[in-house]
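Q: coords below, sequence missing:
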C-alpha cells in the first residue's frame, strides 16, 4: 500500500486537493477531522485541553470554542506547543490504526491529509509527499476572508508554520493553488494518474 502525505500551509487550499482525490476514489485519513473528534466532550484530549487552557475556551454547551483556543495558541508558542503535545501523539496513533485497517481491506493508495505532517516530524509515515502551495499575497487574503482576521493577525498565524518554500523542497509532487480551482483540480488528477502508475509498477 502506498501512503501519500498531503500537506501545505494554512489557507493554501489543501482541502480542494483532498476533496478531488476522494472523488477519484482514494481513501482519506484526515488529521484535522481526527483532532476535532478528540476534542469533543467526553474524550481524553478534551479534558486535558480544558484542564490546561481553562473553561474560558468553552461554549455554553461545553464544546470547545475553536476561535478562542486559536487566539490563545497563535499568540504564545508555548501554548501552541502544549496543545500539540496533547493532540499529536493521539492523532499519529489513530492515523496508523486507520492505515492498518485500509491495508487489511486491500487499498492500494491511501492519502494522509495533515497540515502539520512535516512540522510534527511524522514525514516517515508517508511514502510520497504532495505539497499544496499558494502565493503569499493570496494566502494572506484568503486567511483574512476565511477567519475574519486582520492582515497582521493572518501573517502572524502563517509565520507559525514552516514556510511553503521549505516544504516544497521535501515534496515529490507540488500543486500551485494560486490560480483558478479548475487548474488545481486538473493538476491533482494528473498526480493521481502518476500515483496509480507508481503503484502498478511496484506490483509488477
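A: Done, it's in. Predicted, not measured: the structure shown is a model, and the values here were computed from it.

Q: use CA for all of it now, contacts and neighbours both
A: Will do.

Q: Identify each buried residue in the helix or strand hosting residue 158, please.
A: According to DSSP states H and E, residue 158 maps onto helix 151-159. Within helix 151-159, the residues that count as buried by 16 or more other Cα atoms under 10 Å are 153, 154, 155, 157, 158.

Q: Show me what secondary structure element comes after it.
A: Next along from helix 151-159, by DSSP H and E: helix 164-168.

Q: Summarise which helices and strands that following helix is packed against.
A: The contact analysis (3 or more Cα pairs under 8 Å, 6 or more residues apart in numbering; DSSP states H and E) places helix 164-168 against strand 128-133.

Q: which other helices and strands contact the strand it packs on?
A: In terms of contacts (3+ Cα pairs under 8 Å, 6+ apart), strand 128-133 is packed against strand 2-7, helix 164-168, strand 173-176.

Q: Adding distance to residue 126 and pLDDT, write the buried residues of helix 151-159 out as a markdown table.
A: Listed next are the buried residues of helix 151-159 as a markdown table, based on distance: Cα to Cα, whole Å; pLDDT from 0 to 100:
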| residue | distance to residue 126 | pLDDT |
| --- | --- | --- |
| 153 | 32 | 91 |
| 154 | 29 | 92 |
| 155 | 29 | 93 |
| 157 | 26 | 90 |
| 158 | 24 | 92 |
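
Q: picking that back up, for residue 38, which of the helices and strands packed on strand 128-133 is the nearest?
A: Of all the helices and strands packed on strand 128-133, it is strand 2-7 that lies closest to residue 38, at 20.5 Å by Cα to Cα.

Q: Contacts for whichever helix or strand comes after the closest one next, please.
A: Downstream of strand 2-7, the next assigned helix or strand under DSSP H and E is helix 14-23. For helix 14-23, the surrounding residues in contact (Cα atoms under 8 Å, 6 or more residues apart in numbering) are 6, 7, 8, 28, 113, 132, 181, 184, 185, 188, 189, 192.
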